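Chemist: Sharing a model that was predicted from the sequence below.
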Amino acid sequence: MRTYLVGGAVRDKLLGRSVIDHDHVVVGARPDDMLALGYKPVGKDFPVFLHPQTNEEYALARTERKTGRGYHGFAFHADPGVTLEQDLARRDLTINAIAQDEEGRLVDPYNGAGDIERRVLRHVSLAFVEDPVRLLRVARFAARFAPLGFTVADETMALLQQMVRDGEVDHLVSERVWAETRKALGETQPSAFLRVLRESGALSVLFPEIDALYGVPQRAEFHPEVDTGIHLEMVLDAAARLAPGNDLIGFCALTHDLGKALTPREELPRHVGHEHRGIPPLQGLAARLKVPTEYAELAELVCREHLNAHRAFELKPATVLKLLTALDALRRPERLQTFLTACLADKRGRLGHEQDDYPQAAYLRRARDAAAAITSTPFVAQGLQGPAIGAAMEQARVQAIAQCRPD
């Protein structure tokens, strides 16, 4: 019985990154051996155990065999005769197929360490095409490691394209698409996720609403990058810089401009009303992927209201109050902060505008605080009742917001 550190822990050590999860493979053991040592079983499809002290995962070495379509279509085989090399062979990328023994020596049959040095995302074997989730994982790893210079190997991209042509991607269930997308939106460079999906052909299958944005022109005086798809990539990366790891803001950024794909051709490059046109495709995407309600609701608010945030200084105080009320910002100020961060990402997601100031955010926060400070207490003391209290509070809040406006 031998134990090896595997996967992301070894990869991240070689990259000089902090290691969060330590996963292990155990060779030459049976489930009863693990139980006798006090390990706690957690695996349903194959034997995985938690260490009795550290709670780190230890999986018995296993092989897998394709039995059907999609990522569920596998049969797993684990017994003491499965070698470490056989276990590593079933992994997706060479950089994830490296093991380290208890003496610190690397076991690297697929030269993953070399691909780390070359900054290449490369598949381990042709069995890669059997699991469609791997396409999403490659795109997600691209989003994580693109800032380090990683690119997808040509032969791996060819396999991704083959998976799309063969219809494997059609068998991805919505929960897995959303899970991988959510992780990608929290990575350092989410635009790489879209680029890999688009080059492979998967973007049009999984996210047709987003794929439709590429090639749609915008007014160059406002969008020097012109192409709406490129703008979206820039907004995603701006959001990642402003709120690292925040996939909620990332999803708002991802869906804020879906309406531009629906602008009538004769109106291009102007996009009047795109904030309203974008709501139906956003709702369709969120429903299809079973996106959590909080994400869907805030994304819809950003889609519908981001132009109002941009022109906040032009809005009447009563309109600002309506915006704050729509966001439920008086009760939940964190929603306003999420909204404003997504709007700032939109502002900075333009060629040459990556460091633009956004004074609208400070104004809207002041307006929110001023409006929230108005309570019913003085109006009740005046003897007002029922709807009259609400009307008086609204008038007072409008006046308070008016006093926040810059000169």
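Modeler: Received it, and whenever you're ready, just let me know what you need.
Chemist: what helix or strand does V196 sit in?
Modeler: Secondary structure from DSSP states H and E places V196 in helix 191-200.
Chemist: Please enumerate the strands of the stretch 151-300 of the chain.
Modeler: For the stretch 151-300 of the chain, the strands defined by DSSP state E, counting those that start in this stretch cover 151-152.
Chemist: Let's test this: mean pLDDT of the helix holding V196, rounded?
Modeler: In this model, helix 191-200 has a mean pLDDT of 98.
Chemist: Show me what the host helix or strand of K347 is packed up against.
Modeler: Secondary structure assignment for K347, by DSSP H and E: helix 333-348. Contact partners of helix 333-348 among helices and strands, from 3 or more C-beta pairs under 8 Å, 6 or more residues apart in numbering; DSSP states H and E: helix 228-242, helix 247-255, helix 293-310, helix 359-372. Any C-beta I mention is one placed from the backbone N, CA and C, and that applies to glycine too.
Chemist: now it against helix 228-242, angle please.
Modeler: 130 degrees (axes from the mean of the first three to the mean of the last three C-alpha atoms, to 10 degrees).
Chemist: relative orientation of helix 333-348 and helix 293-310 in degrees?
Modeler: Using the same axes, to 10 degrees: helix 333-348 against helix 293-310 is 60 degrees.
Chemist: Give me the contacts around helix 333-348.
Modeler: Applying C-beta atoms under 8 Å, 6 or more residues apart in numbering, the external contacts of helix 333-348 come out as 234-236, 238-239, 242-243, 246, 248-249, 252-253, 256-257, 298, 301-302, 305-306, 309-310, 324, 327-329, 353-356, 358, 360-361, 364-365, 368, 372.
Chemist: to the chain's geometric centre, what's the distance from that helix?
Modeler: Computed by C-alpha atoms, centre = their mean, to the nearest Å, the chain-centroid distance of helix 333-348 equals 16 Å.
Chemist: SS state for Y4?
Modeler: Three-state call for Y4 (DSSP: H, G, I helix; E, B strand; the rest coil): strand.
Chemist: so it sits right up against V107, yeah?
Modeler: Yes - between Y4 and V107 there is a contact under C-beta atoms under 8 Å: 6.7 Å.
Chemist: Neighbour count: the two, which is higher?
Modeler: Using other C-beta atoms under 10 Å as the criterion, Y4 and V107 rank with Y4 on top: 24 against 16.
Chemist: what's the spacing between that one and L289?
Modeler: Counting by C-beta to C-beta, to the nearest Å, the gap from Y4 to L289 is 36 Å.
Chemist: Tell me which of the helices and strands packed on helix 333-348 sits most buried.
Modeler: Each of those was given a mean neighbour count from mean count of other C-beta atoms under 10 Å, and the largest, a mean of 27, is that of helix 247-255.
Chemist: which other residues reach that helix?
Modeler: The contact list for helix 247-255 (C-beta under 8 Å, 6+ apart) reads 182-183, 185-186, 190, 209-210, 232, 235-236, 238-240, 242-243, 278, 282, 285-286, 291, 294-295, 298-299, 302-303, 338-339, 341-342, 345-346, 349.
Chemist: and if we set it to 7 Å?
Modeler: 182, 185-186, 190, 235-236, 239-240, 243, 282, 285, 295, 298-299, 302-303, 338, 341-342, 345 (C-beta atoms under 7 Å, 6 or more residues apart in numbering).
Chemist: Equivalent analysis for stretch 355-373, please.
Modeler: For stretch 355-373, the external contacting residues (C-beta under 7 Å, 6+ apart) are 309-310, 312-313, 320-321, 324, 329-330, 333, 336, 340, 344, 347-348, 397, 400-401, 403-404, 406.
Chemist: repeat for stretch 152-172
Modeler: Here stretch 152-172 makes contact (C-beta under 7 Å, 6+ apart) with 69-70, 120-123, 128-129, 132-133, 135, 138, 142, 196, 199-202, 205-206.
Chemist: Could you pick out the buried ones from these?
Modeler: By neighbour count, with 16 or more other C-beta atoms under 10 Å, these hold 70, 120-123, 128-129, 132-133, 135, 138, 142, 196, 200-202, 206 as buried.
Chemist: Which members of those occur in strands, if any?
Modeler: Among those, DSSP state E puts V120, L121 in strands.
Chemist: Roughly how far does E233 sit from A142?
Modeler: As judged by C-beta to C-beta, E233 and A142 stand 12 Å apart.
Chemist: ok so, going back, buried subset of the contacts of stretch 355-373 as a ChimeraX selection?
Modeler: To isolate the buried members of the contacts of stretch 355-373 in ChimeraX, using 16+ other C-beta under 10 Å:
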select :309,312,320,321,324,329,330,333,336,340,344,347,348,397,400,401,404
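Chemist: V205 - nearest residue in space that isn't next to it in sequence?
Modeler: Among residues not flanking V205 along the chain, V169 sits closest, at 5.3 Å (C-beta to C-beta, 6 or more residues apart in numbering).
Chemist: That should have said A370, apologies.
Modeler: Excluding the flanking residues, the one nearest A370 by C-beta to C-beta, 6+ apart is A400, at 4.0 Å.
Chemist: Off-centre distance for the helix or strand encompassing V320?
Modeler: Using DSSP H and E, V320 maps to helix 317-326. Computed by C-alpha atoms, centre = their mean, the separation of helix 317-326 from the middle of its chain amounts to 30 Å.
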